[in-house]
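1. Coordinates for the following, if possible.
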Amino acid sequence: MKKFYKVILNRTFFVLFFLFLLLVVANGNHKTNNFVNNINGVRSIEATHIVSKYDNHEKQLDVIAVNTMAEASLYGPTNPISFVGEMTAYQANCVGCSGRVGCPPRQDVRNNNIYFEDTTYGTVRILAADMAIPCGSIVKVSNVTFSNEPIIGIVLDRGGAIKGNIMDFLIAETDDPNVVGRQKNVQYEILRWGW
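-> You can find the predicted model right below:
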């Protein structure tokens, strides 16, 4: 009789353990992985939070004027920032250029491919900026001699001489770099801080 109860007890534990295991597997951890082939669709939690604050129509955040890249790094992640700087131009075939931009998705910019298609801002110009401004940042550029309207650009490149408040404007290989030249008192406003 003891043997009978022992077998029943062992089977009961086995059945309970099996049911518990099924319950755990059925519930899972509800963690999902999202894979995106288009880098434009990738948003970090912090970036989404900041963009939602920037896009909040009820309470507009004040644009903070900064003087240094240290201040830009300090305020940029939480507020739109602006600064006055210089602008130069470069081409995909420049000395030391590889024909691809330095930031993901490392777009090939040869053959006058000077635009980027952003999921939020549409077709924008490619810019090179200081390392303090993260890749994917959207910048409104105004007070330039070659355009009466503000230009919306995206930081997708870096450059050895691009330090501080200087940005480099990617132009077509067929364009004359002297059209841009070296412009001073260019107004930059960062509309989105990174991807």
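
2. downstream neighbour of the least confident helix or strand in the chain by mean pLDDT in the secondary structure list?
-> Every helix and strand in the chain was compared by mean pLDDT, DSSP states H and E; the lowest is helix 45-54, with a mean of 45. Proceeding N to C from helix 45-54, the next assigned helix or strand is strand 64-65, under DSSP states H and E.

3. ok, residues contacting that following strand?
-> Applying Cβ atoms under 8 Å, 6 or more residues apart in numbering, the external contacts of strand 64-65 come out as Tyr75, Asn79, Pro80, Ile81, Ser82, Phe83. C-beta here means a position set from N, CA and C on the backbone, and glycine is covered the same way.

4. One more pass at 7 Å, please.
-> Tyr75, Asn79, Ile81, Ser82, Phe83 (Cβ atoms under 7 Å, 6 or more residues apart in numbering).

5. all helices of the protein, in order?
-> 2-27, 45-54, 69-75 (DSSP state H).

6. Can you flag the weakest of the ones you listed by average pLDDT?
-> Mean pLDDT across the helices of the chain is lowest at helix 45-54; the value there is a mean of 45.

7. re the thing from before, check the contacts of strand 64-65 against Phe13 and report the nearest one.
-> Asn79 (60.1 Å; Cβ to Cβ).

8. Thank you, goodbye.
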